[in-house]
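with the input below, show me the fold.
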Amino acid sequence: MWIAFSTADSAPVLPDAVLSPVFAAVLDAVEEALLNSLFMATTTIGVEGHTSHAVPYDRL
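Predicted structure coming up:
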């Protein structure tokens with residue numbers, strides 16, 4: 001999905017009622033992606049033994 005913005009004087013102005021569902025859908029998608037990345041991650045061990053632990057989804 002792409003949203004384009006224009007600075008041209010002749011561009012039609014869309015009412016807020018049209019744009020609000022689009023912004024709500026974007027917020028829902030971002031929230032879902034963030035939660036998915038947190039809860040689906042696994043514990044990893046990186047350079048010099050630094051450990052990033054997975055979120056214990058079953059304990060939330």
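
read off the pLDDT value for the spatially most central residue of the chain.
Nearest to the mean C-alpha position of the chain, by Cα atoms, centre = their mean, lies Val30 at 1.9 Å. Val30 is assigned 94 on the pLDDT scale.

how far off centre is the helix or strand containing it?
Element membership of Val30, judged by DSSP states H and E, is helix 16-39. Centre-to-centre, helix 16-39 and its host chain are 6 Å apart (Cα atoms, centre = their mean, to the nearest Å).

quick check: next helix or strand after that helix?
Next along from helix 16-39, by DSSP H and E: strand 44-45.

show me what that next one is packed against.
Here strand 44-45 touches strand 51-52, going by 3 or more Cβ pairs under 8 Å, 6 or more residues apart in numbering; DSSP states H and E. (Glycine included, C-beta is placed from N, CA and C.)

partner strands of the strand it packs on, with direction?
When pairing is defined by DSSP bridges, strand 51-52 lines up against strand 44-45 (antiparallel).

shaky segments in the chain?
Counting by pLDDT under 70, the chain has low-confidence residues at 1-2, 6, 11.

so Ile3 sits against Val22, correct?
Yes. Assessed by Cβ atoms under 8 Å, Ile3 is found in contact with Val22 at 7.2 Å.

rewinding a little: quick one: the residue nearest to the centre of the chain from Phe23, how far?
Here the distance between Val30 and Phe23 works out to 11 Å (Cβ to Cβ, to the nearest Å).

what of Asn36?
20 Å.

secondary structure class of Val13, three-state.
coil (DSSP: H, G, I helix; E, B strand; the rest coil).

circling back to that earlier point, just checking, what packs against the helix holding Val30?
Against helix 16-39 (3+ Cβ pairs under 8 Å, 6+ apart) you get no helix or strand.

what comes up buried for it?
Of the residues in helix 16-39, none is buried by neighbour count under the rule 16 or more other Cβ atoms under 10 Å.
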